[in-house]
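Engineer: sequence and predicted structure below; questions after.
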Amino acid sequence: MSVLEPHYAGVAPDRLAPIVRNPVHVVLDNIRSAFNVGSIFRTADAGAVEHIHLCGYTCHPPNDKLAKTALGAFDYVPWTRHDSTAHALDALHRAGLPIIAVEVAQHAVSYSAFAWPRPVALVFGNEVKGVQPDILEQCDAAACVPMKGYKNSINVATVFGIVLFEVLRQWGAV
């Protein structure tokens, strides 16, 4: 195996040693780009995320574009496909998880000042529309990456990485 190959290269997922997963559930609400979803899978694998919930029209495996950026990470990160984000959030609430929207919203707290609960469900919205108002209402709180430019937005996969590793940092898990 070359130095550049991942430690699991060529090993079937069911033959890998189990890893301790961080109690983070990721809810992707109608993400348009399969490339963004693939990137989120890779970052979720790097952060040992417990579960990804692919909601609405968010693409899911098998998908060639998703596979191109995920590089197989969907084989290693548990995921579930949901027709409805609202129903997925209901199930997460019933499981006792606090649900935090990651959204530039009037009441949102900066991600670095937010006290991240453990466990947690993080909701990421559509690249153009963000987290929809009815979904925001189901969330317990909102956190954001403060925007200083004119566009007032950042790539959803990039925001996911920023927020995930802040959550893990606060938990002492990195």
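Structural biologist: Here it is on my side, so go on. Numbers count the residues shown, from 1 in each chain.
Engineer: span of stretch 116-129 from start to end?
Structural biologist: End-to-end distance for stretch 116-129: 24 Å, by C-alpha to C-alpha, to the nearest Å.
Engineer: do the same with stretch 149-158
Structural biologist: Terminal residues of stretch 149-158 are spaced 16 Å apart (C-alpha to C-alpha).
Engineer: now stretch 111-122
Structural biologist: End to end - C-alpha to C-alpha - stretch 111-122 spans 11 Å.
Engineer: would you mark the buried spots in it?
Structural biologist: 111, 114, 116, 117, 119, 120, 121, 122 (16 or more other C-beta atoms under 10 Å). For every residue, glycine as well, the C-beta is placed using N, CA and C.
Engineer: farthest-separated two in the residues you listed?
Structural biologist: 111 and 119 (17.1 Å; C-beta to C-beta).
Engineer: next structured bit after the least confident helix or strand in the chain by mean pLDDT?
Structural biologist: One helix or strand of the chain scores below all others by mean pLDDT, DSSP states H and E: helix 64-70, with a mean of 76. Toward the C-terminal end, the helix or strand that comes next after helix 64-70 (DSSP states H and E) is strand 79-82.
Engineer: burial of residue 95, as a residue count?
Structural biologist: Each residue near residue 95 was counted by other C-beta atoms under 10 Å, and the total is 10.
Engineer: list phi and psi for it.
Structural biologist: Main-chain dihedrals, residue 95, degrees, to the nearest 10: phi -80, psi 0.
Engineer: centroid residue for this structure?
Structural biologist: The centroid of the chain falls nearest to residue 26 when counting by C-alpha atoms, centre = their mean (3.6 Å).
Engineer: element containing that one, please.
Structural biologist: For residue 26, the element it lies in under DSSP H and E is strand 22-29.
Engineer: quick one: stretch 12-19 to chain centroid distance?
Structural biologist: Its chain's average C-alpha position is 22 Å from that of stretch 12-19, according to C-alpha atoms, centre = their mean, to the nearest Å.
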